[in-house]
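Undergrad: Sequence first, then the predicted structure:
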2 protein chains.
Amino acid sequence: MQFRLDEAIEVLERTPRTLAQWLIGLSDGWLQGNEGEGTWNAAEVIGHLIEGERTNWMPRLAFMLREGESKPFPPFDRFAHLSAKPEATIEQKLREFQDMRALNIRKLKELVGAEADLEQTGLHPAFGPVKARELLSAWVVHDLTHMAQIVRVMAERYKSDVGPWIQYLGVLKK
Amino acid sequence: MQFRLDEAIEVLERTPRTLAQWLIGLSDGWLQGNEGEGTWNAAEVIGHLIEGERTNWMPRLAFMLREGESKPFPPFDRFAHLSAKPEATIEQKLREFQDMRALNIRKLKELVGAEADLEQTGLHPAFGPVKARELLSAWVVHDLTHMAQIVRVMAERYKSDVGPWIQYLGVLKK
């Protein structure tokens, strides 16, 4: 086991500001690209991260610590953000993500008094019994998965532009 | 062709500050991890990016615009940074990367008066004839490749910690 609460928080608190540095001010060409039908552009990824803050990670952790395995936590709709109003700019979305993440980290610190609490189990609707520390680890890696996705989508845009360099550029080999 | 000089610069100028937001202050557990023998940790990746600023991208572009296809540009040692002195902190390395990148972007803007200059060809020591715009596209995607690498290395650390969530976390499926 590598998980430590303080180190997990280090990553969780950096994700919104890293994405802000990276994405704010980029041209639409970078922000509107996706990987084909049914895949997401950068703005949609941020929408999904916001949805995760709202209904997935911390709400599930709180539910788990309160209910244990007595009932499964509600499923998370991984596509909910696609029906949200799309008017917000990426800057507004990133600010919303940053605010919600900061609030959730404060809640996390209040809720978890000691690492021992993280051995608590709950009932995932699809997986069955899961531990609090597995959920928190997954939250961290979920951030990283979506950073990888944005990197991949942006790189894809220049796939033919790089010419023969493609053979040295691992991110273009999916 | 998707390449446009101004859009390429948008990404190139963001990479150092994005990496700074993301990596400065992280625990050694995050910064020291790699993907096994012969692979790089985050600090080594930054060392490689610095080496690219020093001897690869802009020097090659300048060489190409000066020499055309008359002689191949010198090969780039992709492992040079591994023999560099390792005393610098990640913060110092990131500052060095940021300074060198800013300087190189200034040089790029001086050197390339019009997009038309980017059709100029040169001789890559392994690939043969390449265009200036292919080199610049590769520079952008090279940044993205190494961001993907750092994301992947960090995610790997929690591979067993995430428990059953692994099936939803694409970055862990290499």
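TA: Nice, thanks for sending it over. Computed from a predicted structure; not experimentally measured. Numbers count the residues shown, from 1 in each chain, chains lettered A, B, ... in the order given.
Undergrad: Now the residue nearest to A:M1 when sequence neighbours are not counted: phi and psi?
TA: Among residues not flanking A:M1 along the chain, B:D161 sits closest, at 5.9 Å (Cβ to Cβ, 6 or more residues apart in numbering or on different chains). (Glycine included, C-beta is placed from N, CA and C.) When quoted as degrees, to the nearest 10, the phi and psi of B:D161 stand at phi -70, psi -30.
Undergrad: for B:D161, what are its contacts?
TA: Taking Cβ atoms under 8 Å, 6 or more residues apart in numbering or on different chains, we find B:D161 in contact with A:1-3, A:133-134, A:137.
Undergrad: Only whichever of those residues are buried, select them in ChimeraX.
TA: In ChimeraX, this line selects whichever of these come out buried by 16 or more other Cβ atoms under 10 Å in any protein chain shown:
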select /A:3,133,134,137
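Undergrad: what's the farthest-apart pair in the contacts of B:D161?
TA: Pairwise distances across those (Cβ to Cβ) peak at 12.2 Å, for the pair A:Q2 and A:E134.
Undergrad: ok so, going back, can I get the contacts of B:D161 in CSV including secondary structure and pLDDT?
TA: Supplementary listing: the contacts of B:D161 in CSV, determined by DSSP: H, G, I helix; E, B strand; the rest coil; pLDDT from 0 to 100:
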residue, secondary structure, pLDDT
A:M1, coil, 88
A:Q2, coil, 92
A:F3, coil, 96
A:R133, helix, 97
A:E134, helix, 98
A:S137, helix, 98
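Undergrad: What's the local residue count around A:M58?
TA: 23 (other Cβ atoms under 10 Å in any protein chain shown).
Undergrad: okay, A:G170: pLDDT?
TA: A:G170 is assigned 87 on the pLDDT scale.
Undergrad: Distance check, the spatially closest residue to it that is not a sequence neighbour against A:I150.
TA: Residue nearest to A:G170 in three dimensions, not counting chain neighbours: B:T145, with 5.3 Å by Cβ to Cβ, 6+ apart. Per Cβ to Cβ, to the nearest Å, B:T145 is found 14 Å from A:I150.
Undergrad: Strands of chain A, start to end?
TA: Counting by DSSP state E, chain A has strands at residues A:121-124, A:128-131.
Undergrad: for the most centrally placed residue in chain A, what are its contacts?
TA: With distances taken as Cα atoms, centre = their mean, the residue of chain A nearest its centroid is A:D143 (3.6 Å). Applying Cβ under 8 Å, 6+ apart to A:D143 gives the contacts A:11-12, A:15, A:49.
Undergrad: coming back round to it: can I get the strands of chain A in TSV including mean neighbour count, distance to chain B and mean pLDDT?
TA: Shown next, in TSV, are those (neighbours: other Cβ atoms under 10 Å in any protein chain shown; distance: least, Cβ to the nearest Cβ, whole Å; pLDDT from 0 to 100):
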stretch	mean neighbour count	distance to chain B	mean pLDDT
strand A:121-124	19	7	95
strand A:128-131	16	6	96
